[in-house]
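[1] got a structure for you, letters missing:
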């Protein structure tokens, strides 16, 4: 006994000892039998500690954990609802298979318990049990019981039910467990009622569930918006963002002429502004979401510019994000205010922030034409400060202003040239070289300026070397007599002394152009340049629509869809904004969706190749050689003799357009192996409507073909084919090392393609590939990649990398790997859709040498997900009416005519589709399946 300290009672000592035991790092599994005996206690606090112990150690002692089952079952019938809930919660947390089967009966009772606290706990327990044993949950009917809880009188039970179903749906992305549709209006009303009464996290689950619902028309959308709007004033920022997500989605269905639309815009601004008064981390999340909202609907925050002005104590990540949003909101009305603010920022001490501020001034000039002169004046003032990094950023953005407004602000070039010696960053040096080359005719000493850069050519970055090469060629075409020696020098440096393939290839192209056709060289090099875009950093529209559907989640912070950063793609659902209704100002065409497609499954139109933005891979590949759809071959990329073909005859001649210049042809040693035009790129991802897991189907698999011969890939030979099994698409590869060195570090990437095919996992070659060794790999594919219409439609361009090099090849995939398992229409829908599709979309084909009867053909086609809807016999001919659906939601209807006993064995095929460009490839799939 120590003086001044009170003695502890035995119960206090016991509790203290238990707490110590709980918090110690020591492994206490040896005490399992003794702790289980303590479960019989009536003391709730002690019972909680025992249950906590069981959750932690049951996995290491599964056989002994069975001893606790009787007590769990008994506690599930205890008069105290807290104990009943505690028992069912703990049983759900014990991840031991032997215990889960005993959990079913107590869980069933608790789901129908009289106390709402027990019911809400049991609802979450269903999700936990589903994670341990999904089949058991489905067999025992727990999902149906869980769905019935939507009509529960307690809002927290409803919220937990939604949370549990959402959790379960993540492992089955294609399933619609809650089944919200315009017919289930009672479910919708229950959710909206529960929204007002449950806790904040319950509200988030319900709002997220509502965001997945597509209203039947604009009136229902408005009604839901009215019920959700009060959540905007909630204290929890997560509730606010979830409410904003619902409103942003449903506003798509509202006409801009409605008074309510304007009211809603006004109501959305204050909660978003309020989020910016939180701590910096929350501010950043809010700003990333606001960035998306402003790109979609800038009118929401157009009067709130001052909120985004930077505070002196903002962290740098908040400052940069605010700056980005300021540029997006800049307009003629507020540009003076914005420019004054940006000029102030350019004098700050934070270098990164100052750089971004100077760039922002340039972006303002490009975005708001009326402000361009004031922006240029501001940039010149900043250049006069002689602060090195400010000057360099200013020169970079002035180059962009020259691109946007040619022949307007060139008077400032003299000021820029004064600062030439202070430039030490590659981007600024490249920008200055571009300006000198582009306006060489206005700069008296342009040749001296460019020659000063040429002195340290090999020490420059690739970006500067490429720009210098182009700049000097431009100068030569404008002042040929004065700069012949200079251009010979730079071409020699680029082609003979450089080991950079990009620089070398560009040097050879210029050399060949100048040697053979100077007029063409002028047309190419001095061609009029397209004006640069006002907003080059906007997120592409389809991706933006998808990200709006993920407001308040990690995807909205990364500005990437979940498929880009969620490993394995589990739980990733491709989302899209709802279509506008007929009463909206831009009603969708009735051609958009086939009558057979359920709501929300409108097939996307594949974007055309001509009007597409940046390319993911920029592969220099053409389509493979024509042939049968399953015979794939690598692209033939023979060496192109750029320097042969009559150059000698031009030596000493005077080329037209360049007076008196004897131009020496380049040496013929290092000729680039291949030159091709880069393929255009896709605007957007298709809305992925894959059906998830289907039935096991024996879909036809073509034998492996050589895709990449060893002679074209430094000893790496690739054979491959495509398969579809149980709803999953795979690329089956056979890699053979025919080189003399070991191959490692394999990786694979696809170019954008017509159906968004992309690797769903990395290329796994688990051990180094030794010489003469072969390895078989099955690469899972997804259909959520970037989309670009290819020619032909089923062309796939692939890049494979290993420790030696990157190799490109191209192949054709059979379209039947994209036929999904839920492609069967009912008869009435088939008839209505067939009539609805215009007759000009019908294509007729013949399949010769096909000796199958109707039964055999139907069975064979069904194994590849081509489903027979109806069959009849007309005048001795068997007629099969069939339907199939592609992974992007496009339906194809078919009529197959088979003449029994026909000696020519010819089958006639009619295809109807809203996207007629797929018909030829569907026919090839039919022919392949029926003949193999």
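    Sure thing, it's come through. Note that this is a predicted model, so its numbers are computed, not measured.
[2] residue 137: neighbour count?
    Neighbourhood size, residue 137 [other C-beta atoms under 10 Å]: 23. Just so you know, the C-beta spots here come from the backbone N, C-alpha and C atoms, and that holds for glycine as well.
[3] could you do the one 5 residues further on as well?
    Counted with other C-beta under 10 Å, the neighbours of residue 142 add up to 24.
[4] list the residues that contact it.
    Contacts for residue 142 (C-beta atoms under 8 Å, 6 or more residues apart in numbering) come out as 104, 107, 108, 111, 126, 129, 130.
[5] same deal with residue 465?
    For residue 465, the contact set (C-beta under 8 Å, 6+ apart) comprises 457, 494, 498, 500, 503.
[6] spatially nearest residue to the fourth one (excluding sequence neighbours)?
    Spatial nearest neighbour of residue 500, excluding adjacent residues (C-beta to C-beta, 6 or more residues apart in numbering): residue 462 at 5.7 Å.
[7] isn't that neighbour up against residue 502?
    Yes - Residue 462 is within contact range of residue 502, at 6.8 Å (criterion: C-beta atoms under 8 Å).
[8] circling back to that earlier point, lowest pLDDT pick from the contacts of residue 465?
    Within the contacts of residue 465, residue 498 has the lowest pLDDT, namely 82.
[9] what helix or strand is residue 530 located in?
    Per DSSP states H and E, residue 530 falls between elements, in no helix or strand.
[10] what sits up against stretch 385-405?
    346-347, 351, 354-355, 358-359, 361-363, 365-366, 369, 372, 375-376, 379-380, 382-383, 409-410, 412, 416, 419, 422-425, 427-428, 431-432, 434-435, 438-439, 529, 531-532.
[11] with stretch 224-234 instead?
    With contacts defined as C-beta under 8 Å, 6+ apart, stretch 224-234 is touched by 188, 192, 195-196, 200, 203, 207, 210, 213, 215, 239-240, 242-244, 246-247, 250-251, 254, 260, 264, 267-268, 270-271.
[12] now those residues: which count as buried?
    For the contacts of stretch 224-234, a burial check counting by 16 or more other C-beta atoms under 10 Å picks out 188, 192, 195, 203, 207, 210, 213, 215, 239-240, 242-244, 246-247, 250-251, 254, 264, 267-268, 271.
[13] filter the residues you listed down to the ones in strands?
    With DSSP state E as the criterion, strands contain none of those.
[14] residues in contact with residue 860?
    Counting by C-beta under 8 Å, 6+ apart, residue 860 has contacts 852, 929, 930.
[15] wasn't it part of a helix?
    Yes - assessed by DSSP: H, G, I helix; E, B strand; the rest coil, residue 860 belongs to a helix.
[16] looking at this, residue 846 is in a helix?
    No - secondary structure of residue 846 (three-state DSSP): strand, not part of a helix.
[17] quick check: residue 78 is in a strand.
    No - assignment of residue 78 by three-state DSSP gives coil, placing it outside any strand.
[18] dump the residue contacts of it.
    Residues near residue 78 by C-beta under 8 Å, 6+ apart: 84, 87.
[19] distance of it from residue 851?
    Note on residue 78: its distance to residue 851, by C-beta to C-beta, to the nearest Å, is 72 Å.
[20] if you rank the contacts of residue 860 by neighbours, which is first?
    Result: residue 930 is most packed of those (other C-beta under 10 Å), 22 neighbours.
[21] what number of residues lie near residue 253?
    Residue 253: 24 surrounding residues under other C-beta under 10 Å.
[22] grab the nearest non-local neighbour of it.
    residue 221 (4.2 Å).
[23] swap in residue 797?
    Nearest non-adjacent residue to residue 797 (C-beta to C-beta, 6+ apart): residue 751, at 3.8 Å.
[24] surely that neighbour and residue 787 touch.
    No - using C-beta under 8 Å, residue 751 is not in contact with residue 787; the gap is 11.0 Å.
[25] what are the buried residues along stretch 398-405?
    Neighbour-count burial for stretch 398-405, counted by 16+ other C-beta under 10 Å, picks out 398, 399, 400, 401, 402, 404, 405.
[26] quick one: the second one and residue 733, what's the gap?
    Spelled out, that is residue 399. 45 Å.
[27] with residue 338 instead?
    Counting by C-beta to C-beta, the gap from residue 338 to residue 733 is 54 Å.
[28] please apply the same query to residue 288.
    39 Å.
[29] of the two, who's got more company?
    Shown here are residue 288 and residue 733; by other C-beta under 10 Å, residue 733 has more neighbours (22 against 19).
[30] surely that one is in a strand?
    Yes - membership of residue 733 in a strand is supported by three-state DSSP.
[31] for it, give me its contacts.
    718, 719, 720, 776, 777, 778, 779.
[32] between those residues, which sits nearest residue 803?
    residue 718 (15.7 Å; C-beta to C-beta).
[33] secondary structure class for that closest one?
    Assigned state for residue 718: strand (three-state reduction, three-state DSSP).
[34] for residue 417, give me phi and psi.
    The phi and psi values for residue 417, taken as degrees, to the nearest 10, are phi -60, psi -30.
[35] hang on, the earlier thing: now the buried members of the contacts of stretch 385-405.
    346, 354-355, 358-359, 361-363, 365-366, 372, 375-376, 379, 382-383, 409, 412, 416, 419, 423, 425, 427-428, 431-432, 434-435, 438-439.
[36] which of those residues fall in helices?
    354-355, 358-359, 361-363, 365-366, 372, 375-376, 379, 382-383, 416, 427-428, 431-432, 434-435, 438 (DSSP state H).
[37] hmm, the residue nearest to residue 253 is touching residue 250, no?
    Yes - the pair formed by residue 221 and residue 250 meets the contact definition of C-beta under 8 Å, at 4.2 Å.
[38] which residues do these two both contact?
    In contact with both residue 221 and residue 250: 215, 578, using C-beta under 8 Å, 6+ apart.
[39] gap between the most centrally placed residue in the chain and residue 547?
    The centre of the chain sits closest to residue 561, judged by C-alpha atoms, centre = their mean, with a distance of 4.4 Å. Residue 561 is 7 Å from residue 547, where distance means C-beta to C-beta.
[40] now residue 56
    To residue 547, residue 56 is 40 Å away according to C-beta to C-beta.
[41] these two - which one has more neighbours?
    Set residue 56 next to residue 547 and count neighbours by other C-beta under 10 Å: residue 547 wins out with 25 against 14.
[42] tell me where the stretch 151-300 of the chain has helices.
    Along the stretch 151-300 of the chain, the segments classed as helices by DSSP state H, counting those that start in this stretch run 155-171, 185-195, 200-211, 218-228, 237-250, 259-275, 280-296.
[43] can you get me the start-to-end distance on stretch 777-792?
    27 Å (C-alpha to C-alpha, to the nearest Å).
[44] state the distance from the residue lying closest to residue 392 once chain neighbours are set aside to residue 435.
    Excluding the flanking residues, the one nearest residue 392 by C-beta to C-beta, 6+ apart is residue 428, at 3.6 Å. Distance, residue 428 to residue 435, using C-beta to C-beta: 11 Å.
[45] residue 284 contacts residue 319, correct?
    No - with contact defined as C-beta under 8 Å, residue 284 does not reach residue 319; the gap is 10.3 Å.
[46] how far is stretch 876-889 from where the chain is centred?
    On the basis of C-alpha atoms, centre = their mean, to the nearest Å, stretch 876-889 sits 32 Å off its chain's mean C-alpha point.
[47] got the contact list for the closest residue to residue 357 other than its chain neighbours?
    Leaving aside its sequence neighbours, residue 357 sits nearest to residue 345 (C-beta to C-beta, 6+ apart; 3.7 Å). Neighbouring residues of residue 345 by C-beta under 8 Å, 6+ apart: 310, 323, 353, 354, 357, 360.
[48] break this structure down into its structural domains.
    Taking the TED database as the domain assignment, the ranges for the chain are 19-179, 425-526, 705-813, 818-931.
[49] if anything else comes up later, I'll come back, but that's it for now.
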